[in-house]
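[1] Okay, here's the prediction I keep looking at, along with the sequence it came from:
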Amino acid sequence: MRDPNNPCLFCNNKESGFIFENELAYASYDTYPVSKHHCLIIPKRHIKDFFELTDNELVACNDLIKKVKDEVTNKDPGINGFNLGTNIGKVSGQSILHCHFHLIPRRLGDVENPQGGVRSVIPHKQHYNRKK
């Protein structure tokens with residue numbers, strides 16, 4: 001099995017494919033999507049995580065996040081929401097050590113109880129009772 005970090009899969013947008021790009025970032029469909037139209041937004045400069053982004057790179061990624069969101073909601077009116085996230089470090093689940101954001105479309109009924117959203121990375125912390 002190919003190691004996606006040697007050489008870095010995301011450093012070559014021709015290999016990983018892209019749907020949009022700007023000067024500092026590009027967007028690509030995820031090879032292993034969580035849901036239909038799951039996309040990745042990737043800075044072109046090889047950096048390990050979010051905390052190494054420059055302000056300009058962050059703006060460039062944000063511009064693509066919004067562009068991809070508009071594109072996929074136009075393609076699929078069944079999209080009712082999104083999860084947007086990034087894994088920072090191996091302990092958080094980052095497997096390709098090049099900063100990237102996941103934009104995951106969500107649809108009504110795609111899970112039984114979506115309460116907690118991204119909190120489900122620690123399953124027993126996803127669902128909670130609000131204190132009154």
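    Received it, and whenever you're ready, just let me know what you need.
[2] need the helices for this structure, in chain order.
    According to DSSP state H, the chain carries its helices in the segments 13-16, 55-75.
[3] what would these look like in a markdown table with distance to Leu103, mean neighbour count and mean pLDDT?
    Backbone N, C-alpha and C define where each C-beta goes, glycine included. Below are those laid out as a markdown table (distance: least, Cβ to Cβ, whole Å; neighbours: other Cβ atoms under 10 Å; pLDDT from 0 to 100):
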| stretch | distance to Leu103 | mean neighbour count | mean pLDDT |
| --- | --- | --- | --- |
| helix 13-16 | 15 | 14 | 65 |
| helix 55-75 | 6 | 16 | 97 |
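[4] Mind putting these into a markdown table with distance to Glu23?
    Shown next, in a markdown table, are the helices of the chain (distance: least, Cβ to Cβ, whole Å):
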| stretch | distance to Glu23 |
| --- | --- |
| helix 13-16 | 13 |
| helix 55-75 | 7 |
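[5] Among these, single out whichever gets nearest to Lys132.
    Closest to Lys132 of the helices of the chain is helix 55-75 (Cβ to Cβ; 34.6 Å).
[6] Can you give the distance from that closest one to the centre of its chain?
    Distance of helix 55-75 from its chain centroid, counting by Cα atoms, centre = their mean, to the nearest Å, is 11 Å.
[7] Check stretch 1-14 too.
    Centroid separation between stretch 1-14 and its chain, computed with Cα atoms, centre = their mean, is 17 Å.
[8] Over to it now: how far is its first residue from its last?
    End-to-end distance for stretch 1-14, by Cα to Cα, to the nearest Å: 20 Å.
[9] Quick one: residues contacting Asn87.
    Going by Cβ atoms under 8 Å, 6 or more residues apart in numbering, Asn87 touches 93-95.
[10] and if we set it to 7 Å?
    Residues in contact with Asn87 (Cβ atoms under 7 Å, 6 or more residues apart in numbering) are 93-94.
[11] Let me know the distance separating it from Asn80.
    24 Å (Cβ to Cβ, to the nearest Å).
[12] now swap in Val121 and tell me
    Distance from Val121 to Asn80, by Cβ to Cβ: 21 Å.
[13] and if you look at Tyr29?
    20 Å.
[14] More neighbours: which of those two?
    A count of neighbours by other Cβ atoms under 10 Å puts Tyr29 above the other of Tyr29 and Asn80, at 16 against 13.
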